[in-house]
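Q: give me the fold of what follows.
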Amino acid sequence: AGAASVSPYVVAAGVAALGSAALSRTRASLVTAPSASSQPDPGLASPDASVAGSAAAGAGAGAGEGRAGAGRTGEPVVRVPLGWLLDVGGAAVRARALAELGGTVLGEGIRGEAEQIALGHRPAVWLALRQGRNGSWSEAMLALPAPDDPTFAGVGTVPAVRRLAEYGWPLESPSFAAARRPLFRLLAQDEDPACLYELRALAGDPARARHERARLRDAAGAALARIGGEADPRLRGIAARMLVRAAAWLRSREADAGAVATEFAAPPSRDALAMLAFMPVFRSEHGQEVNFLLAALAATPPETGRGRRVPGVRIGGTLVEHPELVVADPIPERIEPGAATLPGLLTWLEILARLGALRRHDRWRQVLDRLLDARDRDGRFLRTAAPGGSDPFVWPMYPLGDVTSSAERAAEATFRLALIARLAGRPLELA
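A: So this is what the prediction gives:
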C-alpha cells in the first residue's frame, strides 16, 4: 500500500530478479540434498507423515500409479517429481513445493530461498500493490476480478489475502499485517453500513443485512486463519460459536429431516470449514465436536441433479438463500479427473485433509487414491484442469500460475495432490 509512488514494473522486475537468483541457489541445494529419509516438520506435516529421500526414486513403482511400496505408517509411498515441478511449475508452485514438500530433506535454509521465489512472482506483486491504505482491497471483501485481468482490478480483501498466502508469501508480510484490521472488524459484525462494503446496498433490508454480515464474518475468519490468526481469541470465539450452531442444526435435523437452518442452528459454510482447516490447535481442543460434524457430513450423500435444493437460513420471518452452506458431503458423487470440476475437487480434498478427515472416512480417502492412481509412473498428473472459474471459494487457490500454460497447470495439480497426500499422512518420496 505504501509503494504507490513506485512504478509497479520496477517493483516487480526487482523482486523477480531476487526470485530467479533464489531458484538458482535452490537447484544447487537439490542436487546436493541428502537422500536418506528424514523426520517430518511438525509445523507443516501431519504427525505421522514422513518424507523419503530421492535415492529411492523409481524403486517399486506400479505402472501408472507413481507409488512405491509402503512407508513407516503403513500408507503407500507417494512419489513427488520435485525436480520436474521446479522445471515447469510457476513461481508459486516452485516456492511452495520446496518449502512444504522438500523442506525436511533440503533443510530449514530452503525456506528463505522459497520465500524469495514466492515474492518474485509477478502476479503476486501486482496483487499486493492493489491493496489500499486502510488495509483492504478495492473497498470490497468478496469481489473477484475479471478472469482475464492480470492486474486483479476490483478484487476483494478476502480472496486477495487468501491468494497471497497461497502464492507462498510469508505470514509476517506487511500486506497481511495491514489487512488484519478490517478483517477483524468484520468478526464483530459491526452494524455500520460501511462494514458491508460492496454489499452495503442491502443495509435497508434487516434480514438480508444480518445474513450478509454473517457471511462476511465467516469469510473474514477463513482469511485470518489462513494467515496465522488462530491464537487470537476473537477468531477462536467465532469458531466455537460456529460449532455450537452446527451441533444445534444436527440435532434439529435428526428430529426433523426437513428442518430449516436458523441464525442459531445452521450447518457450517464453506468458509467456516476453511477457517477450521487452519486452526489445528483449536480442533484438538474441540475434537469431539469437529469429528461429529465431519462424520455427519460424510454420512449425508451429496445432492445432485435438478432436484438439488439451495440451502437457506431463516432470519426472523424471512428465508434467505445461502448456497455456501455445507449440508452434505461436499465431494461430488461422480469423479472425473481432468474435468472442469477438478479445481473444486482439489480444493475440497485439501481442506478435508487439513481437517484430518481423509484418514477417517473411506469415500474421501478413495477419491484421493483414484486421483493419485491417475498420475504417470513419475508421479505427474498430466490431465490438466480447466483454467479456473468464478467460484470465490476456489479462486484463491487455483490457478496460481499461467492459465495459458498446460505444463504449469499440470505442475500445479501435481503439487496439490502431493500436498494433500502429505497432509493425509502419506509418506513422500522425492524424485
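
Q: how about residue 151, nearest residue that isn't a chain neighbour?
A: Take residue 151 and drop its neighbours on the chain: the residue closest to it by Cβ to Cβ, 6 or more residues apart in numbering is residue 126, 5.3 Å away. Where C-beta positions appear, they are placed from N, C-alpha and C, glycine not excepted.

Q: mind telling me what element the one you found is part of?
A: Using DSSP states H and E, residue 126 sits in helix 122-129.

Q: elements contacting that helix?
A: Contacts defined by 3 or more Cβ pairs under 8 Å, 6 or more residues apart in numbering; DSSP states H and E place helix 122-129 against helix 8-31, helix 91-96, helix 157-166.

Q: let me see the mean pLDDT of the shortest one.
A: Here the mean pLDDT over helix 91-96 is 96, rounded to a whole number.

Q: go on, the longest one?
A: Taken as a whole, helix 8-31 has an average pLDDT of 46.

Q: where does pLDDT dip in the stretch 1-150 of the chain?
A: 1-74, 104 (pLDDT under 70).

Q: all strands for it, in order.
A: 51-52, 67-70, 76-80 (DSSP state E, counting those that start in this stretch).

Q: parallel or antiparallel, list what pairs with the longest one.
A: For strand 76-80, the pairing partners within the sheet under DSSP bridges are strand 67-70 (antiparallel), strand 428-430 (parallel).

Q: if I pick the residue lying farthest from the centre of the chain, what's in contact with it?
A: Centroid-distance maximum for the chain: residue 317 at 35.5 Å, with Cα atoms, centre = their mean. For residue 317, the contact set (Cβ atoms under 8 Å, 6 or more residues apart in numbering) comprises residue 207.

Q: so, low pLDDT: which residues of the stretch 201-350 of the chain?
A: 257-258, 303-309, 337-339.

Q: make it 90
A: Within the stretch 201-350 of the chain, the ranges that satisfy pLDDT under 90 run 201-211, 252-264, 299-324, 328, 332-342.

Q: that one: strands as residue ranges?
A: 261-262, 312-315, 318-321.

Q: out of those, which is closest to residue 83?
A: strand 318-321 (47.9 Å; Cβ to Cβ).

Q: check which residues of that closest one are buried.
A: residue 320 (16 or more other Cβ atoms under 10 Å).

Q: same check, this time on stretch 167-184
A: Across stretch 167-184, burial judged by 16+ other Cβ under 10 Å covers 167-170, 173, 175-176, 178-180, 182-184.

Q: next, count neighbours for the nearest residue to residue 229 once chain neighbours are set aside.
A: Counting by Cβ to Cβ, 6+ apart, residue 235 is the residue found nearest to residue 229 once chain neighbours are left out, at 5.1 Å. Around residue 235 there are 22 other residues, counting by other Cβ atoms under 10 Å.

Q: ok, now residue 295?
A: That count, for residue 295 with other Cβ under 10 Å as the rule, works out to 14.

Q: and for residue 93?
A: Neighbour tally, residue 93, other Cβ under 10 Å: 28.

Q: go on, residue 188?
A: Here the count is done by other Cβ under 10 Å, and residue 188 has 13 residues near it.

Q: got the residue ranges for the helices in the stretch 301-431 of the chain?
A: Along the stretch 301-431 of the chain, the segments classed as helices by DSSP state H, counting those that start in this stretch run 342-354, 362-373, 406-423.

Q: how about those helices in TSV, adding mean neighbour count and distance to residue 297?
A: Formatted as TSV, the helices of the stretch 301-431 of the chain follow (neighbours: other Cβ atoms under 10 Å; distance: least, Cβ to Cβ, whole Å):
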stretch	mean neighbour count	distance to residue 297
helix 342-354	23	9
helix 362-373	16	10
helix 406-423	24	18
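
Q: can you redo those helices as JSON lines with distance to residue 301?
A: Output for the helices of the stretch 301-431 of the chain, formatted as JSON lines (distance: least, Cβ to Cβ, whole Å):
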{"stretch": "helix 342-354", "distance to residue 301": "15"}
{"stretch": "helix 362-373", "distance to residue 301": "10"}
{"stretch": "helix 406-423", "distance to residue 301": "22"}
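
Q: first to last residue in stretch 201-208, what's the distance?
A: End-to-end distance of stretch 201-208: 10 Å, with Cα to Cα, to the nearest Å as the criterion.
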